[in-house]
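1. one predicted model, sequence on top.
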Amino acid sequence: MTDLIAGIERTAESGRVGRVEALPTELAPLVTKGILLTVVTLGIYRFWYRTNLRRWYRTNTVVDGDALAFHGTAKELFIGFLIAIAIFVPLYGLFIAAGTFAGERLATIVSALYGIVFLALAQFGLYRARRYRLTRTSWRGVHFDQDGSAWRYAFVSIGYMILSAITLGLLFPLLRLKTEALRIRHTRFGSAKGSFDAPLSPLLKRWVVTWVGMMLVLVIPGLIVAGFARDPAKLASLFGGLRGMIGVFAALCLILVLMVLLWTRYVAFEFRHFTNHTRIGEVQFRSEFPIGIYAKRVILYMLAVTAVLIGAALFFVLFTIGGIGSALAATIPFVLILVYLGIFVIFSVLKEIMLNRRFWELGCQTMTLENIQSVDEIIATALSSENATGEGLADALDFGGV
Amino acid sequence: METNATYYDGLRPVSRGVRLSTAPKGLSITLAEGQALTWPYRSIRLDEGDRPDSLPLNLHREEMGAATGERIEITDRTFAAALLPLCPALRGDARLRRKSRNKIIFWSGAAVLSLGLMIFKGLPILADKLAPMVPWSTEEKLGSAVEGQVLAQLGGGEKPKFCAGGDSAGPASDALAKLVGRLAEHANLPGKPIVRIMDAKMPNAFALPGGRLVLLSPLVKSAKSVDEVAGVLAHEMGHMANRDSMRSLIHAGGLSFLVGTLLGDFTGAGALVIASRTLLGNRYSRQNETEADAFAIRVMNAAGGDVTKMGDFLKRVASSSLERPLELLLSHPVTEDRVKALQAGAVVRPNRKPLLSAEEWQILQNACDAK
């Protein structure tokens, strides 16, 4: 009797809404140091950098007044990496041998097989990596978790990938929907389970526009060039020479920018849509992710990247012109390597600070958790497995993720 | 000292206001319901990555090396400053951590060393050892598969036109066969070479897998003597004898994998991987070219040819003075060095019999004329 009354009392009170804050802490020093060290140590430092980065994002995410905490260590990741190597060396060697000693026809089969195995392992690794990240994340002392089979996830992923490929990418949102559903439904927070009920049609509608846009952006220039192909002289006069080359370059840049914007438009919508249909336990997530604002940020990022590229190219050209014939000439290839590495470092830093951080900030600021008081009923549970080896496979296949 | 703080019991995601005080045995925590616990000072840990002066101060408790799940969040700076000195093991056992870090540094160094040795020494040796094990018949199959594409590209998309050698017949082919025979006698090739002269625009020569050696017509046409062509032919035979196509294949594949592994990009698609592959792969090619040159010297000396003429040809064809500064990016050694090596190694017998008679050489040179 008491429980029934208590139950009625609970539904009578309105659910409290929790907010998510993204603390405005400095990120640039961490990222710059991390990427520089990673390059200098030929990649070994990446485990430390990634762990620090993850910790930064979580400890600066405040949900209903309490920050998330991260318990992962770089050592776990490193050990996972070593184990993944042990698995990959013989596997790769096998494929090289098979490819070399097989005849031509067999060789194509071998490489196709290799592609599928690689893809399956990548999906497997991604699922396991997510479990690693979740089990190392806690809020108010209770850990997250992810159960379910990574092989099943790989199988489902590949199935929908094939479907998407067959339809020339039109059914891509279906792949995204099904894999997200698997991920969320196996997510745990203590005793609370995740649920996911996002409908496909709003996503598909959004994607069709993006897809058509991308096809047009790719096809129209192709048609123009094909149209002129009948008249090669005109083609040469239009595209030949310096003016023509600049024109073609500008057109390619425009195409790239449009593709990026179309893609951003979809990705931001997908995030909002998925979040609005995600629940953990009784807590319902809501998102009003500002797609327009984020798109502006992406444009800013592309401008910054272009500026860096132009600057670096100018520097290198001037250096080469000035250096030839002088004593500096021998250093030209080394300067080339340095400029290249420099660009790589700057791009990585800019991407983390201008894109990833902004996405996280905007996502947090526009996210609310309804019914947040229901977490009081949650109990911490034992983790599905200790997973001490981190995410070795995903790292070896370079699918890091935060 | 006393203060208020937030406590999480690690069992439920609920924050509880508590009263903290520094007791003799440890940190005393009094909950709202009156319940009291004590955290011994040696069990108190600072969160990983947090600094002791960060605020709010996040502490958790560890017993026997494992976290109990309990956490405390302190916002009172004065209390934090008073509490921290009382905790002897804020970062866990200091000695264990130092040992662990030293171990990681040592093994990372060892891993980089071993990968480095593998890339610079082991992989070339592996490629050299494995290549001869690939049956010649396999290489031949690879050659016929690759030939169509490569030659079509060279001919500007049109079907390649052969002036001599292979399936062609006629006096030019006979002369070519005689020249090839005189060189092959002293060569010790793994199979029968298929030498052809192809109609093209630029002077060049190359060896495809399976002993398919191609001389481009401008090379033959503009040569000043039969020894120039013979030297180049002997060089290409060197590639064939050393199984260079297989060596490069194995080396490139292994390199992709190793560099990708080290840099964490197994797909090998990252720009860094491609860049390092280019640099390291070219180093390996330069070595192969040097060995092919040495082979040419040996065979030409034995067959009675004059390999210094090949040096003349290289000098004529070498493009620019930019070679030296761009050395690392080239897949062939700098021309100057090659010419020096050819001149140093050449042994030209004074009464040697020319590789082809003047008449035969004339026929060969005009192989691609008027067809």
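-> On my side now, so go ahead.

2. next, the buried residues of stretch B:284-303.
-> B:284-301, B:303 (16 or more other CB atoms under 10 Å in any protein chain shown). (Each C-beta comes from the backbone N, C-alpha and C, glycine too.)

3. nope, stretch B:96-104 is what I was after
-> For stretch B:96-104, the buried set under the neighbour-count rule, 16+ other CB under 10 Å, comprises residue B:104.

4. can you list the low-confidence ranges for the chain?
-> You didn't pick a chain, so chain A it is. Applying pLDDT under 70 to chain A picks out residues A:1-14, A:88-90, A:92-93, A:96-105, A:107, A:229-241, A:325-327, A:329, A:384-402.

5. nope, chain B
-> B:155-157, B:261-277, B:279, B:319-330, B:370-371.

6. what are the phi and psi angles of whichever residue of it sits closest to chain A?
-> Nearest residue of chain B to chain A: residue B:8, at 3.4 Å (CB to the nearest CB). Main-chain dihedrals, residue B:8, degrees, to the nearest 10: phi -120, psi 130.

7. cool, and residue B:33?
-> phi -80, psi 0.

8. pull up the gap between it and residue B:10, please.
-> 17 Å (CB to CB, to the nearest Å).

9. how many other residues sit next to residue 210?
-> All of this is about chain A. Neighbour count of residue A:210, defined by other CB atoms under 10 Å in any protein chain shown: 21.

10. ah, I was thinking of chain B
-> Counted with other CB under 10 Å, residue B:210 comes out at 25.

11. correct me, but residue B:317 touches residue B:205?
-> No - Residue B:317 lies out of contact with residue B:205 (CB atoms under 8 Å); the separation is 10.4 Å.

12. between those two, tell me which one has more neighbours.
-> Neighbour totals were compared for residue B:317 and residue B:205, and residue B:205 leads with 20 against 15 (other CB under 10 Å).

13. helices of chain A, start to end?
-> Counting by DSSP state H, chain A has these helices, from start to end: A:2-12, A:28-40, A:46-59, A:74-101, A:104-135, A:150-166, A:172-185, A:200-229, A:232-239, A:241-276, A:291-323, A:332-350, A:357-365, A:392-396.

14. the ones you listed into JSON lines, with extra columns for distance to residue B:24?
-> Below are those laid out as JSON lines (distance: least, CB to CB, whole Å):
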{"stretch": "helix A:2-12", "distance to residue B:24": "43"}
{"stretch": "helix A:28-40", "distance to residue B:24": "40"}
{"stretch": "helix A:46-59", "distance to residue B:24": "33"}
{"stretch": "helix A:74-101", "distance to residue B:24": "36"}
{"stretch": "helix A:104-135", "distance to residue B:24": "37"}
{"stretch": "helix A:150-166", "distance to residue B:24": "51"}
{"stretch": "helix A:172-185", "distance to residue B:24": "49"}
{"stretch": "helix A:200-229", "distance to residue B:24": "62"}
{"stretch": "helix A:232-239", "distance to residue B:24": "85"}
{"stretch": "helix A:241-276", "distance to residue B:24": "50"}
{"stretch": "helix A:291-323", "distance to residue B:24": "55"}
{"stretch": "helix A:332-350", "distance to residue B:24": "50"}
{"stretch": "helix A:357-365", "distance to residue B:24": "43"}
{"stretch": "helix A:392-396", "distance to residue B:24": "47"}
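
15. thinking again about what came up before, burial count for the residue of chain B closest to chain A?
-> Using other CB under 10 Å, the number of residues around residue B:8 comes to 23.

16. could you find the closest non-adjacent residue to it?
-> Among residues not flanking residue B:8 along the chain, residue A:141 sits closest, at 3.4 Å (CB to CB, 6 or more residues apart in numbering or on different chains).
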